[in-house]
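Colleague: One predicted model, sequence on top.
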2 protein chains.
Amino acid sequence: MVQLEKDGVARRIIAAIKEQIHSGAFQAGDRLPSTRAFAAEWGASRTTVTAAYSQLVAEGYLTIRPGARATVAPGLGTVPVPMPCRGAAPRHLSAFAQRLLALPSPAEAPAARVADFRYGELSGADFPVLAWRRALNKAVLRRTARLRYGDPQGVATLRAALQSYLWRARGIACTADQIVIVNGSQQGLDLCARLLLDPGDPFVIENPGYHLARQAFAAVGGLAVPVPVDADGLRTDALPLARLAYVTPSHQFPLGGVLSARRRRALLAWAAHTGAYIIEDDYDGEYRHDIAPIPPLQTFDPEAVIYAGTVSKTLSPTLRLGYLVVPARLTPVFAEAKRLTDRHTPLAEQDALAELLASGAYERHVRSIRRKNAERRAVLLQALAEDLGPAVTIAGAGTGLHFVAWINGVAAEREPAVIEAARAVGVGLYPVSPLYDPTEPRPAMAGFILGYAGLDADALRRGVAALASVLAEHS
Amino acid sequence: MVQLEKDGVARRIIAAIKEQIHSGAFQAGDRLPSTRAFAAEWGASRTTVTAAYSQLVAEGYLTIRPGARATVAPGLGTVPVPMPCRGAAPRHLSAFAQRLLALPSPAEAPAARVADFRYGELSGADFPVLAWRRALNKAVLRRTARLRYGDPQGVATLRAALQSYLWRARGIACTADQIVIVNGSQQGLDLCARLLLDPGDPFVIENPGYHLARQAFAAVGGLAVPVPVDADGLRTDALPLARLAYVTPSHQFPLGGVLSARRRRALLAWAAHTGAYIIEDDYDGEYRHDIAPIPPLQTFDPEAVIYAGTVSKTLSPTLRLGYLVVPARLTPVFAEAKRLTDRHTPLAEQDALAELLASGAYERHVRSIRRKNAERRAVLLQALAEDLGPAVTIAGAGTGLHFVAWINGVAAEREPAVIEAARAVGVGLYPVSPLYDPTEPRPAMAGFILGYAGLDADALRRGVAALASVLAEHS
């Protein structure tokens, strides 16, 4: 009777009978016409009517006994159909939902046409399309026997490959069991927030700092304790009591400082003393333009530090692939949280990344994209020096895929006007000021985060030239 | 100086100097040897020593002024290196984490060799490898201009294609804006749990019911109110006050009842009256073997019902692709929660599914896999009738990819012994009993969930034959 789906006549019969029952024309216990009579009345086949009656029995509208005529099931007319009250306030939402609704809504402007300096985007031309497609195809073809849910922590081959990569590239000595594959580092931060913070628990956040980390911790009810940063990263001279500290020691986001050795030790001592966890977001650890990458905090105290890594800055943010290295004793609870959150990260991406890591293609790609981004950085720095000279002060250009340009002589209040004027000439600018804690003082000078990984040399030069013309009118 | 990475000598110099500082041999303010002296002492080039010193300056171990010798930075010797206290209790974990740790740990036995009846797995042979690979390759090749984060709710083309599919296949009239793409329905349930429940809030759950739904709601602190089910699905005669009800109306999991029309109306009236949300998990709505699919609850009250769908039962559970249809007024908060949870679902899978839906390949595939699973079901039912006859009572076989076999004359206490004996002959059996609420009475009879979508006809027949021999010894 699966044909019923395609049988328009049966569908119409079903709808008509339901309508009669809902309107009260057919009452509970009423006998329906025989299938023969109904078929004659509708000019339909008896098979069709029988199928329609069977459907209505299955849906509970009719009851039927062998040899007897179908009757209307009891209780259908008595319950009023609920009236959806459109436009009214939502029903009960959780405290988490209320906190989300109170967040500032993200500004999602379309990409500017000449040069969009939005941070976090990469050039599609840099993506290793062929290698990735090959690895992905291999993954799709491999999984042939039985399709089943995977390990919540991630595919074993990927975790083994990452363990080895993290040792080679970042000096991290961990077991594959300490690695949890997540859907981008944002999911890693959200898992940390849920597992380590209760409503009212204070957390240390860099000021200015990464707003999506701050929001993830604040959304679960954590209380942000902003701690200022300077050229040496987070200031550790007055760390408050807190459940956790979120830090970007390799390249402070957004200002670009590298956490000094002294502060590293002070931060670790604070964590050891207070029992706080440190969440180390190594979001662009692969990009060090001046010196060798600095060893992560994780290498000094693997029991206190949760290390978050990602391929969003080396392959693509659209893959949603990241990883946590968690203290050994926390792996069970992270695995369980991942399982209840979404079972596991999609297997094809995991398999493909494992393949790229195992074959060495990933590290070759990282070297290549590191070189390309170093070139972009040089082009951008040169263009800024030539076109703007002393009008801008650059901060944090030693590493990563962005730096901050402070605009000398332009007050912070002028930022919106500059952004609007820049957009009018096709340049997308993103201010530093929203990354400051709303309760703390903001800088007096206008400053912008210039992300360059998504732009080619020509766009970078044209973008700076356009920006220079805008600033000439605004200073 | 990026060569430093490859320069073993520089690495050793850096490590040696750090060691001297940490041990106190070099104190704050001490001057280091000149690069020339150091190079001579180590038999290294001056370039190498200069690179090592620069690295140590960047890491904050040394300070340097032009023309002067490098000195040890202050504050490094005074802070003790934290001693990780291995083996001790974890530091503070949230109430959410505590609840997760109290959950029963999932039993993850390897697949049984003759026939594993684990529910939720599909046969790899049914996966449309070529169509999926083609769609995936197209998606990988398409995204060439700029790699940027996607819409938290999901790719617009996928949501448009799903809107149209849901109308054709399930009679759901929604806008594309009401659709939220999630990483499998589990993430959809987790989002519902976080957004709709506060700790202490009661939620209605079917008893027996889907344990991962129960766990997702309980993990956020919700209080489970188990409501019994019978052959007509959830019993609605005594629904308690609750924030939400989780139901599987098209095919109750695991017992297989279809929620009757009368109960549908009663449930909707309860939701309208109490302001509760209904979460309708239509996990296998595509598989209706006897009658046409029954219209979802969502179609009757789109303001009260959150509809959850998935491709885990039609394509593969490994893709982690699902979708929610949420009341229009809830879309902003769901989108924001998805953004903070993991930004968005990976784009390649979304694009590939959109392609399959738009080309009609998805619906062709669903028809094909529906036919194959109907055949599997028929084979399994026939084998059970032939080999076990009256020894088993089948429940819920009218729809879906599983049914329940109650073993007449075998008491529930014997389940573990039967499972063990079955595994010894290569048959994987999964009991119904753990899906009952732990505080409520469990059935007296042994019962097993037989998932058949991952097995071919031969495995099904051999599995039943082996099961028959096991049961002959246990009854």
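Modeller: Perfect, thanks for sending it. Numbering: from 1, shown residues only, chains lettered A, B, ... in the order given.
Colleague: could you give the mean pLDDT of the longest helix along chain A?
Modeller: Using DSSP state H to define each element, chain A has its longest helix at helix A:361-387. Mean pLDDT, computed over helix A:361-387, is 96.
Colleague: and what of stretch A:201-218?
Modeller: Mean pLDDT, stretch A:201-218: 97.
Colleague: Just want the residue of the stretch 151-300 of chain A that's nearest chain B.
Modeller: Closest approach between the stretch 151-300 of chain A and chain B, counting by C-beta to the nearest C-beta: A:S260, at 2.8 Å. For the C-beta atoms, the positions are set from N, CA and C on the backbone; glycine is no exception.
Colleague: my read: that residue touches B:V57, true?
Modeller: No: A:S260 is beyond contact range of B:V57, at 9.9 Å (criterion: C-beta atoms under 8 Å).
Colleague: Compare neighbour counts for these two and give me the winner.
Modeller: A:S260 (25 against 17; other C-beta atoms under 10 Å in any protein chain shown).
Colleague: So the more buried one versus B:A97, what's the distance?
Modeller: 33 Å (C-beta to C-beta, to the nearest Å).
Colleague: Could you do A:R113 as well?
Modeller: From A:R113 to B:A97 the distance is 47 Å (C-beta to C-beta).
Colleague: Of the two, give the one with the bigger neighbour count.
Modeller: The neighbour comparison of A:R113 against B:A97 (other C-beta under 10 Å) goes to B:A97, with 23 against 12.
Colleague: Could you pull up the residues touching that one?
Modeller: By C-beta atoms under 8 Å, 6 or more residues apart in numbering or on different chains, the residues touching B:A97 are A:194-196, A:333, A:337.
Colleague: Which helix or strand contains the residue nearest to the spatial centre of chain A?
Modeller: Against the mean C-alpha coordinate of chain A, by C-alpha atoms, centre = their mean, the closest residue is A:Q186 at 4.7 Å. Secondary structure from DSSP states H and E places A:Q186 in helix A:184-196.
Colleague: And A:V9, by the same measure?
Modeller: Going by DSSP H and E, A:V9 is part of helix A:8-23.
Colleague: Out of the contacts of B:A97, which are close to chain B?
Modeller: For chain B, the contacts drawn from the contacts of B:A97 by C-beta under 8 Å from any C-beta of the partner chain are A:194-196, A:333, A:337.
Colleague: residues touching the closest residue to A:T274 other than its chain neighbours, list them.
Modeller: Once flanking residues are discounted, A:T274 sits nearest to A:L241: 5.9 Å by C-beta to C-beta, 6 or more residues apart in numbering or on different chains. Taking C-beta under 8 Å, 6+ apart, we find A:L241 in contact with A:202, A:274, A:276.
Colleague: Which parts of the stretch 351-475 of chain A are strands?
Modeller: Assigned by DSSP state E, counting those that start in this stretch, the stretch 351-475 of chain A shows strands spanning A:392-395, A:402-411, A:427-428, A:445-451.
Colleague: Please flag which of the contacts of A:L241 sit within strands.
Modeller: Among the contacts of A:L241, the members found in strands (DSSP state E) are A:P202.
Colleague: Please tell me which one of the contacts of A:L241 counts the most neighbours.
Modeller: A:A276 (24 neighbours).
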